[in-house]
Every structure is written in C-alpha cells, then in structure tokens.
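[1] heads up, no residue letters with this:
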RNA sequence: UGGGCCGUGGUGUAACUGGCAACACGUUGGGUUCUGGCCCCAAAGAGUCUAGGUUCGAUCCCUAGCGGCCCAGCCA
C-alpha cells in the first residue's frame, strides 16, 4: 500500500512542501527533482545526503529525479569524474535510468536566453576589469556604483556578446552582467556576472564555446529546461534564491506557474569527518592517504572500499533527518547504522589477529577432527554453513590470553579454562616466553567431552584457527583519520592537517579459518568478536588483504581505563566582532523623532493607560496607528483594541492597511467579546472567518453556533470528556498534574468555542475534586 | 556595522489548528548468551537561547535582547 501524502508530509519539511504542492495540483501534480554535482571531483558523504533526499523525494511521490552534471566550468571538469560520480550514485542504490544529463546539453538554449535578456535591457556587456568590477560592487554595508558600461545601448551589448561567443576577445576582457540593482542589500543582486570568457577545452562540447555561463545563471535555467519542480540545495544558497527566481522570470524560460522553486536544507556534517573537496584533494595530493578511494576517506569510493554497505549509508542519512539547522552528527550514529545493517546479514567466521601458537598436549599429532557443519549465521540458516578443522596445533588471538588479567577478564588465564567456539573447552597447562618476556607458545589440554563447544556450563568463548588449514591474511585496521570531532574548527586552533591520526591505519598479520578462502569476493563478513571485514582489491590469490570496516562494540570496560583523549587546550578564542541587526525598536524611535504626530500618538496611548511596550509598537507607523484608532472608535475601548491588535492581529500575518475597511467589524467583535456574548475562543474563531471572508461578527457567531453554553450543558460536556478518557483520568488521579491541561484541551476542543475558559476550568476542577 | 537563515536532553530529529515535550543514537545499571556482539528490561538526562507579554493553557502567537551560520569568485 502506498504511503499517503499526509504520512509523507510528516517525515520532513521538504516532503511537507512537496506533499502540499501535489495535493494542490501545482505543476499538474508532477514532482521532478535533480541531483546536480559538478564533475570536478569525487562524491563524498555529504553528497550522499543530497542523493538520498533528491532521489528519495522523487521516488516517494512517484516523480523522477535527474542526475545532472553541472559542467559549466571546463577548466576543472572531466568525463572521468562524471563517470565515477554516476557509478557512485548507482552504488548507493539509485537508478537514474536514462535521466543522466549535462548542463552543456542546453548551452545553446541558455545562450539564446541571454541574448533575449540583452534585448530586454536586463543584461549588458561590461568591459571593466575584474578589479574594477570588485571596486564598483561596494561592500555589505556600502552600495555599489554603476560602471561606464551599464547603460550602453542594448544593440551594442548584443554585438559585443556575439563577438564574445565568436572568440574575438581574450579571457577576462569582458563579461555579461545582469542589470538588477547595484544597491541591493543582497550582494548577489548587484548586477551578477552571467557569462565569462574562458578559452578552454570542454570535455563534452570541445571547442564549440569560449564563453561559459556562471552558476547562478545556468543552474536555474537547467532546472527550468528539464522541468524540475523542486530544486533542493544547501543552506548557503539561501542568498542565491532571489537571483534564481530573477533569472527564470527575466528570461521567461518557462511560464511563472511552471517555474521551479529552490529550497534549502542543512548539509550533512559528521564528527571527525571533513567534507570539503579542497581538503580532501589536499589529503590525496600531499600523500596523507593512498588515494581518493583510500578506506579512510569519506568519499563514496573510500567508504565502498572500506566495506560499508550503501544501505547502511542510506539508513544513516534517513535517521539524521532533514532540517534547516546547521548541525554535526555524532560519529556513533554512523557506526550504529553500519553495524545494524551488517549484524543481520554478515556471515560469521573465525580468525585471529596477532596469532599466538597453542599446542594441545592431549591430542594426537596426526589426529584431525572435522567439526560442524557450523552455520554461517545462526540467525539465518538459509545461508548454510561450513565445517571446521581441529588439530594438535592451533592459533588464538594474542589478546585472548593474559598473564595478569584485569578484573572481570573472561578469556584464557594461567591455569584457567576457556571455550574455543564450536570446538572444545581447553585448559591452560603452561606457556613459554621468548627473549623479551613475551609469550610465544601456550600448552593446553582439551576436554573431549565438550566437542562442538557444548561445555554444559558457562565460560568465556574465544575464536581459534587450526594451524595446518589456516589462511594467512593482512588485516588493515582503521581508525579516525582526523583526531578532532570538528577538524575544520578545532578548539586548539590547529589546522586540520595537524590533526591527522598517525595510527589511522595499522596493518596486522592474521589467520583465518579455511573457508575464508572460498568466500565470495566483495562479501562483508564478521570475524567473530573482532569486527566486520571486507576483502580489499589489493588482495591476491594466497595473499588476502582485508579491510576492517568497523570493529564490534566492546562492552568490556577495564577498570584502569583512563580517558584516552588528551584534553586539548582551548586557545585563541576568536575575537569576533559583534554585528548587531538594526533593531526594529530603533527604527520606530527614529520614525517618532522625525514625525511629531507619531510622537504625540505615543504620549496619547501612554496616557490612555497602555502598556509601554504596546504603546511603542503601535506608534511606530501611521498605518498601524490608523487601524488602532479605527477599531477603538468602533468599540470605544482603546486599551482593549491595542491588546487585540498587538497580540491577535499581528500573529496572523496581515497588513494593517488591508484591514482598514474591516475596522468597524473588528470593533464590533471586541464589543461582543467585552459584553460576554462571545467567549474568548469563540471570538478567535469569528476572527478567523472575518479575516478570510469578511462579514458581520454577530452574524458569523450565529452561523457558527457560538452561543455560550449554559451551566448545565457545560457540565455535561466536561463529564463526557472525563468519561471518554478513563486512562488519563486515573493517571491524573494518581498525581499526574500535567493531565489537567490535557483535559482542559479536550473540553475546549469539544465545546468548539462555546465555553468560557474560566468557567470550564472551574467546572473541571469541581468534577475532578468532588 | 547592511541583508538573509537558524536556536528543543550529550548528539540528531519530532511534537496536529496553542492542549501529556516524543523517537533514535549515546550514557548508566540489570538480564540473556557457544561472539564482552546481537537481543531483552530499566534508569538518568531538556522544560524548549534569555527576559517580558497575550492566554484557562505557549516549543508554537507578540515584543525586546543574546548566540551561531551564510553573502563583497569572471567557483559551484
């Protein structure tokens, strides 16, 4: 059964918007999104969120999503990048079908629209230098100034633009600019550059073009031309939205009702992870990692090589959610998603890192025991199993034997006993040390009655491999590449390169059970009690290389364990200059000092006994003041009107000027309320209707049936509410006082504005405490 | 010294039209166990950035303040 629009709308604010548009028939009910990477690098975890959101929303609403390469800057882009990106998207599990497109597909259309813009006088060719343009643009606090080319004739601009396209000028000689507003507070609207000259070879269009569109001009047109309806990007593009809308409207590329709409969401940031193309490139170029697909890299290629299943990434992203708050997710949530996915499906096998030789004293030198079959995954027998080989010489993990065990240690200790998983219980008889005092060999005896690991009593369990059939493997154990949860802004002030973990990759020799050699490649598996692993492409026959995707959670807490992270000194507190917004209060004060009539009004309101805050707000401009006077005139209650205006009307997002003709009705409403004819909530309902449709308050009240409830009727309603919620009632009687509000709410809802709150409260109290 | 966006447990996201501040991760304790994993049970942890206001009732509406992020590329 498909999920309803309502359910979809509850998932996040973007789906709420799309659901609303679908249900109101906007765009004819179509939903078209796009994931628009620039093919100049590798996709990373941050992109994964965009993919999940863009493709996910299209899928949920039965729409489509384009994979569109935003290839508007030929100097940095390549087909190789584009192909890798497409492969990464597919790997994540999203099917773009035949909807792989390129911005360069529509270069011609964009060019023609630019000519139209020039003809309409909305764009011009500016021959200022880059520096001059910067100078003339002004700053965030000073407006820009027009340059000498801004008002040149359209025909001249058009001719120049055509010459630009024809290759008549060198790079940087001139640009095409939109003519918008040089004094706009939004810097992007100060005559943005639309086209620049770039004599460069483009990986798709070759040398067809020597002018290329800028992002702000190109992106919205690509969207519009593809029929995109909802164009989702990250928060920092918020300022660009005005320009996005301007270009679409100015070029008339599509009729207004088909204009795509841009929405912004927070980008995904995760502790210990940097997602910045520049920084990642730096890590690769300077040799801090072994390449873009190094398993320590947050690139999709790296995560894939590490063995992280794409479904886990998707689950992680869905768990994080979508909002507009800049945030940083804990690394543990990512880890949880990975373990959660792998736990249900990864085959278990046995292997030991840093092997320690074990000789079974009471076992024949040539005696071999085939154990099993042991299921690959106890929870899923359909996966089948394999047999294990037991012999005189074994290996266990060095960490599973302790000469001086910490309290609570459940593995092998001198004289102690432990279970070899699916094998036998063994007892420590003795051990040999090497020159450095390190254990080099263990002597044990088996308890033959415990074959198959069935010991009949509880004891610690460890994994093991039999020496003859053991498969050697190189284990690559990974840890955080960067040591700070906020590598780009570490409190210590250190640069992220100084935060690189020297132990982010540790290689260990390991031994695996024989069946490991025949495991399908690319198969994620768990080495029991150790972690999840996946074979690395570096593997050769007979020389297995395994990446540890993630260790298992370790519930064992050693008592002597100290906090591992050194507390980094907090230095260099940013001497941050504080920028204050121009307060609205200041503007009102200014208005009053410039206009004596407003000042007089404020005095008048104060004299009438208004709250000073209200008097201030209401005397800031004439429109509001006029409305106040009109309402007060209609009902004869100035303070009441003031309160009503500040608290009811301002909350409903209406313009004072638009309300002037309704002032008499509003006054009448206040009168009804004052006389007790209408209850507070009833008045509120009338107000809603009044604002939406107009009309006379008394008539509306009558139509809505808002006559006040009689005492008896109210009592009956309250009793009915109590009867309807026996569970809550008993909880309340047991002392959950907050349920008073719940019952009050139910009563108010049931009476739909016909009950006076104080009265209802009194009745409720009475019935609750007889 | 302009404009825009955003402030809810340690973290991330919810909370219908103003009506029991919820879910997940994490943490702690316990249980179970042939993986110190998984699973099960329980607990602690925010009164919603602050201060006022409206209201029977405010995370939600109003006012003021505080804090964070983005914008002055011929990058996207």
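    Sure, I can see it. Predicted model only: the values in this text are computed from it and were never measured.
[2] could you pull out the strands in the stretch 51-200 of chain A for me?
    Ranges of strands in the stretch 51-200 of chain A, per DSSP state E, counting those that start in this stretch, are A:64-69, A:100-102, A:123-126, A:175-178, A:193-197.
[3] for RNA strand B, which of those strands is the nearest?
    Proximity to RNA strand B (C-beta to the nearest atom of the strand) singles out strand A:193-197 among the strands of the stretch 51-200 of chain A, at 3.7 Å. Bear in mind the C-beta positions are built from the backbone N, C-alpha and C, glycine included.
[4] helices or strands up against that closest one?
    Counting contacts by 3 or more C-beta pairs under 8 Å, 6 or more residues apart in numbering; DSSP states H and E, strand A:193-197 is packed against helix A:107-119, helix A:154-166, strand A:175-178, strand A:211-213, helix A:215-226.
[5] can you rerun that using 10 Å?
    For strand A:193-197, the elements it packs on are helix A:107-119, strand A:123-126, helix A:130-137, helix A:154-166, strand A:175-178, strand A:211-213, helix A:215-226, judged by 3 or more C-beta pairs under 10 Å, 6 or more residues apart in numbering; DSSP states H and E.
[6] what's the mean pLDDT across the third one?
    Spelled out, that is helix A:130-137. Mean per-residue pLDDT for helix A:130-137: 97.
[7] list the helices and strands it packs on?
    Against helix A:130-137 (3+ C-beta pairs under 10 Å, 6+ apart) you get strand A:123-126, strand A:175-178, strand A:193-197.
[8] ok, now the second one?
    Using 3+ C-beta pairs under 10 Å, 6+ apart as the contact criterion, the neighbours of strand A:123-126 among helices and strands are helix A:107-119, helix A:130-137, helix A:154-166, strand A:175-178, strand A:193-197, helix A:241-251.
[9] follow-up on the earlier one: got a markdown table for the strands of the stretch 51-200 of chain A, with mean neighbour count, distance to residue A:612 and mean pLDDT too?
    Formatted as a markdown table, the strands of the stretch 51-200 of chain A follow (neighbours: other C-beta atoms under 10 Å; distance: least, C-beta to C-beta, whole Å; pLDDT from 0 to 100):
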| stretch | mean neighbour count | distance to residue A:612 | mean pLDDT |
| --- | --- | --- | --- |
| strand A:64-69 | 24 | 55 | 98 |
| strand A:100-102 | 17 | 60 | 98 |
| strand A:123-126 | 26 | 52 | 98 |
| strand A:175-178 | 25 | 47 | 98 |
| strand A:193-197 | 21 | 50 | 98 |
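[10] pull out the buried residues from the helix-or-strand element of chain A with minimal mean pLDDT.
    Within chain A, no helix or strand scores below helix A:584-594, which has a mean of 77 by mean pLDDT, DSSP states H and E. For helix A:584-594, a neighbour-count test (16 or more other C-beta atoms under 10 Å) marks A:588-589, A:592 as buried.
[11] what do you get for stretch A:161-173?
    Across stretch A:161-173, burial judged by 16+ other C-beta under 10 Å covers A:161, A:164-165, A:169.
[12] equivalent analysis for stretch A:730-750, please.
    Buried residues in stretch A:730-750 (16+ other C-beta under 10 Å): A:732, A:739, A:743-744, A:746-748.
[13] contacts for that stretch?
    A:679-681, A:714, A:717-718, A:720-722, A:724-725, A:727-729, A:754-755, A:757, A:760-761, A:763-765, A:767-769 (C-beta atoms under 10 Å, 6 or more residues apart in numbering).
[14] next, the distance between the ends of that stretch.
    Across stretch A:730-750, the terminal residues are separated by 20 Å (C-alpha to C-alpha, to the nearest Å).
[15] next one: it to chain centre, how far?
    Put simply, stretch A:730-750 sits 37 Å off its chain's centre (C-alpha atoms, centre = their mean, to the nearest Å).
[16] please apply the same query to stretch A:101-112.
    With C-alpha atoms, centre = their mean, you get 31 Å for stretch A:101-112.
[17] that stretch and RNA strand B, are they touching?
    No. Counting by C-beta under 7 Å from any atom of the strand, RNA strand B is not contacted by stretch A:101-112; separation bottoms out at 7.6 Å.
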